[in-house]
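Novice: I would like to see how this sequence folds:
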Amino acid sequence: MKKLVATLLSITLALAMVLGMPGMMMDASADSIYHRPIKFNVNNGSTVVPRVSVSTPAVTTALYAAMTYEQNELDFNLILNVNDQPATAASNVAVQYAAVANGYAVVANLDMDLEVNLRIFGHRATELAHPIRFAFWLPKDYDPNKDYGILTLKPDGTCEILGDLDAQADTVTVDTKYVQHMALVSGPKGSFDTHKIADPHALDQLVFPVYNSAVPSSIPDTYNNLRYLIGGVISPWAEVKQELGNNTYIDFRDSYPDDKNTLDDTFEAVQKACGGKKMVYVDPYLYKDGKIIEQTNNKYILTFSVPRNLPAYGEYAVAVCNMDGTVSVYKDIDFNDNTVSVYTNLFRKYGIIWGPEGTLKEIP
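Specialist: Got it, this is the predicted structure:
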C-alpha cells in the first residue's frame, strides 16, 4: 500500500542541516537561502541576567514552535521576551524546591515568553517539538569558584536540570524544549557534570515545507469548499466511477465543532487519546445520482492537504467517523510533508489531527 501511495503522491521535500555555534545569536538572514528571512528578536528585560541569545536557526525554531503554513504566509516572526519572574509566582515554589533538593542556589528566576507573533496576533510556545539552544550571560559579580546551570519548569510541575554545554566562563548554554520558567542556579564545582546533555536536533537547519497546492488538480468531479485546506482528492477515480457510475462526484467541505454535538465530543476525546494536540474537521460528501453515499463497497485512498492552520512540522493522522458512530484514528499513509492520506470506504465526518513528531498512535 505504501508503494502505491508513494506512486500517486510524488512530492518530496528535503531537509538541510547546518551546524551553528553554541551561545551565538543566529542572524536571521542566514535562513533566507531556505526560506523567507524569519525575524527572531530577543527582548531581555531581566535585571539580573545581562543577555540571553538563541543559536538555533530561526526557521528551525519556528517549526519546533508550531508555526503554521498560514502564519508563515502572513509573515509571522519570533519574539523571545525575557523578564524577571515575580517573587510571588506559584512556579517559583517548584523551582525553589528543586534547587534546594539538589543543593543549588537560585541566582535568577526568569519568565521566558517565546511567541510566534504578528503584531498582537499569534501564539505562545511553551513546549517545543525539539529542544533549542539558549545561552545565558552570568551577572558581572558571578563567583568563578562555582558552577552554574539552568532549571526549567516542565508542564507536570517538575524541573529539568541542565548543565552548561559551552566552555566560556561567563555564559551558560543549554538545550531545552520547555520555554516558560527558567532559573539560573549555582552549585559547587561539578554539580552539573552529569546534566550536560546536548540534543542532536538543537542546531538542525530545517527547510520550511513548501505548501502543496497540487492536491485538487487532477481528479475531475471534485469540489473543495474549504477555508483552511487547499483541498482533497479520492483515488483511483476511475475505480470510484466504475463502482458508483458516471454521475458521481465528491465535495470536500469545512466542518466546525458544536458544543452540543455528542459526535464532536467523541472526536475531541479520541484526539486526546491518540496524543493529538490540534484537530481540523472536514466533511467529504460523496454523491451518486445526487444522493449522499456514506459507505462504498471498495476502499479508496482519500488524500487531504494539511490544513493551513495546523503546524507545518510534526505528524498527522486522520480521525474517521464509523457507521456505528464511533471514531477511529489512522496514521498518515503517504510520504509527503503536507498531505495526509487514509485508505477507507467511509465518507462521513473526518478530523485531521496534528501532534509532535513521533507522538500519535492509531485507535482502531
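
Novice: drop to CA atoms for contacts and neighbour counts, all remaining ones
Specialist: OK.

Novice: partners of the helix or strand encompassing D147 in the sheet?
Specialist: Following DSSP states H and E, the helix or strand that holds D147 is strand 146-153. Paired strands of strand 146-153, with direction, are strand 159-163 (antiparallel), strand 181-188 (antiparallel) (DSSP bridges).

Novice: Same list, the ones you listed, but as JSON lines with distance to Y211 please.
Specialist: Shown next, in JSON lines, are these (distance: least, CA to CA, whole Å):
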{"stretch": "strand 159-163", "distance to Y211": "36"}
{"stretch": "strand 181-188", "distance to Y211": "34"}
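
Novice: Wait, M67 touches V116, no?
Specialist: Yes: under the criterion of CA atoms under 8 Å, M67 is in contact with V116, at a separation of 6.7 Å.

Novice: The two - which one has more neighbours?
Specialist: More crowded of M67 and V116, by other CA atoms under 10 Å: M67, with 28 against 25.

Novice: That one: what's its closest spatial neighbour, skipping adjacent residues?
Specialist: Ranked by CA to CA, 6 or more residues apart in numbering and with sequence neighbours excluded, the top spatial neighbour of M67 is P311, at 5.3 Å.

Novice: Might you report the residue contacts of P236?
Specialist: P236 is in contact with 300-301, counting by CA atoms under 8 Å, 6 or more residues apart in numbering.

Novice: next one: A202
Specialist: By CA under 8 Å, 6+ apart, the residues touching A202 are 56, 130-133, 175.

Novice: Show me the residues you listed that map onto strands.
Specialist: Among the contacts of A202, the members found in strands (DSSP state E) are 130-133, 175.

Novice: in the stretch 1-150 of the chain, which spans are helices?
Specialist: 2-8, 58-64, 69-73, 90-101 (DSSP state H, counting those that start in this stretch).

Novice: And the longest one, how far out from the chain middle?
Specialist: Computed by CA atoms, centre = their mean, to the nearest Å, the separation of helix 90-101 from the middle of its chain amounts to 29 Å.

Novice: Then stretch 346-354?
Specialist: Relative to its chain's centre, stretch 346-354 lies at 20 Å (CA atoms, centre = their mean).

Novice: what's the first-to-last distance across it?
Specialist: Across stretch 346-354, the terminal residues are separated by 21 Å (CA to CA, to the nearest Å).

Novice: on that earlier part again, need the contacts of A202 in TSV with neighbour count, can you?
Specialist: TSV is the format used below for those (neighbours: other CA atoms under 10 Å):
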residue	neighbour count
T56	28
H130	20
P131	23
I132	27
R133	27
D175	27
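
Novice: Looking at those residues, which is nearest Y97?
Specialist: For Y97, the nearest member of the contacts of A202 is D175. The distance, counting by CA to CA, is 22.0 Å.

Novice: so how far is P257 from the closest one?
Specialist: According to CA to CA, D175 stands 38 Å off from P257.

Novice: just N322 next, same as before
Specialist: Distance of N322 to P257, computed by CA to CA: 17 Å.

Novice: Who has more neighbours out of the two?
Specialist: Comparing N322 with P257 by other CA under 10 Å, the one with more neighbours is N322, at 17 against 13.

Novice: Contact partners for the more buried one?
Specialist: Contact criterion CA under 8 Å, 6+ apart gives 328, 346, 348 as the residues in contact with N322.

Novice: So in terms of bridging, what pairs with the residue nearest to M67?
Specialist: On the basis of DSSP bridges, P311 is bridged to T68.

Novice: Also N44?
Specialist: Judged by DSSP bridges, the bridge partners of N44 are V82.

Novice: per-residue pLDDT, it?
Specialist: pLDDT, the model's per-residue confidence, is 97 for N44.

Novice: what sits against it?
Specialist: Neighbour list for N44: 50-52, 81-83 [criterion: CA under 8 Å, 6+ apart].

Novice: which residues does F121 bridge with?
Specialist: Applying DSSP bridges to F121 yields these beta-bridge partners: L118.

Novice: re earlier: find out how far the strand holding D147 is from the centre of the chain, if you would.
Specialist: Here the centre of mass of C-alpha atoms in strand 146-153, compared against the chain's by CA atoms, centre = their mean, lies 27 Å away.

Novice: what comes up buried for that strand?
Specialist: For strand 146-153, a neighbour-count test (16 or more other CA atoms under 10 Å) marks 147-153 as buried.

Novice: And the pLDDT for the most centrally placed residue in the chain?
Specialist: Taking CA atoms, centre = their mean as the criterion, A66 is the residue nearest the geometric centre of the chain, at 3.5 Å. Per-residue confidence at A66 stands at 96 (pLDDT).

Novice: now do E70
Specialist: Confidence at E70, expressed as pLDDT, is 89.

Novice: so it makes contact with N309?
Specialist: Yes: at 5.7 Å, E70 and N309 qualify as touching, with contact defined as CA under 8 Å.
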